[in-house]
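**Student:** sequence first, then the predicted structure:
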Amino acid sequence: MIYIKSKREINLIRESGKIIASLFKNIKNKIKEGVSTQELDEWIGDFIKGKGASSAFKGYRGYPTYSCISVNEEVVHGIPSSRKLKEGDIVSVDVGVKLDGYIADAARTFPVGRISEEKAMLLRITREALRRGIEQAKAGNRIGDIGHAIQSWVEKNGCSVVRVLFGHGVGYFLHEDPVIPNFGKAHRGERLKEGMVLAIEPMVNLGKEQVRVLGNKWTVVTVDGKPSAHFENTIAIVNGKPLILTE
């Protein structure tokens, strides 16, 4: 079932989104060599609580921490640990915030110090893929238009999209319908309507698309060990156009 949100509800989701946007702005200075992903997660937890909100991830289906922090070949759902960041790493931070019962979800991939040109290119391609996907989230378009825009851009630039992980509806719950693949054919799938709230999130690999799940049952990594990037925003369709709620 796809939930259509009122303008009032979209504004409430946007309040959760503002916390995430502020979190990403402030965490940039914390992401440096020698910092552990667990230290970042503790800071994220304190930041969210300090805003009077809660993590939408902690406890979700048994997930143990406030955020997902994925390094290099980790695609998504990296569980924060004692692992310390190193110069040249890229680190994806995925955060869900719940405030007054409404949820927003977003992710960014950050460089740790100076990174290789290959990794910098991967970040640029993924960020632009998200922009192009969001651009298609208009009333009257279809889900396939979002995935097609993402896939065609990524593959044109020699990278690959992960095909077993998807974007999703969000707002009342962390994961709602519709499912939003990062690939597909234009003009196919569910028609987009006014009041839909969607988390669009391309996950892009520098190498091949194949991934596997580690023994912790959460962390997804690339099979070829090459780096992956993840950018995500929660958007609402307002006045027929996409409105970003997490920037």
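**Tutor:** Nice, I can see it.

**Student:** in the longest helix along the chain, which residues are buried?
**Tutor:** Determined from DSSP state H, the single longest helix within the chain is helix 7-27. The neighbour-count check on helix 7-27 (16 or more other CB atoms under 10 Å) flags 9-10, 12-21, 23-24, 27 as buried. From N, CA and C alone the C-beta is placed, and that goes for glycine too.

**Student:** helices or strands up against it?
**Tutor:** For helix 7-27, the packing partners by 3 or more CB pairs under 8 Å, 6 or more residues apart in numbering; DSSP states H and E come out as helix 37-50, strand 90-99, strand 102-111, strand 233-238.

**Student:** right, and these - which one's nearest Pro227?
**Tutor:** With respect to Pro227, and counting by CB to CB, the nearest of those is strand 90-99 at 5.9 Å.

**Student:** give me the low-pLDDT residue ranges for the protein?
**Tutor:** Across the chain, nothing is flagged by pLDDT under 70.

**Student:** so which residues of it form helices?
**Tutor:** Per DSSP H, the chain carries helices over the ranges 7-27, 37-50, 117-135, 143-156.

**Student:** make TSV from the ones you listed and add distance to Gly169 to it.
**Tutor:** Listed next are these as TSV, based on distance: least, CB to CB, whole Å:
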stretch	distance to Gly169
helix 7-27	11
helix 37-50	22
helix 117-135	15
helix 143-156	11
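
**Student:** quick one: which of these is nearest Ile200?
**Tutor:** helix 117-135 (4.9 Å).

**Student:** in that closest one, what's buried?
**Tutor:** Neighbour-count burial for helix 117-135 flags 119, 121-123, 125-134 (criterion: 16+ other CB under 10 Å).

**Student:** and it with helix 143-156, angle?
**Tutor:** Calculated by axes from the mean of the first three to the mean of the last three CA atoms, to 10 degrees, helix 117-135 forms an angle of 160 degrees with helix 143-156.

**Student:** use 7 as the first number for this chain going forward.
**Tutor:** Right, with 7 as the first residue, what we last looked at is helix 123-141.
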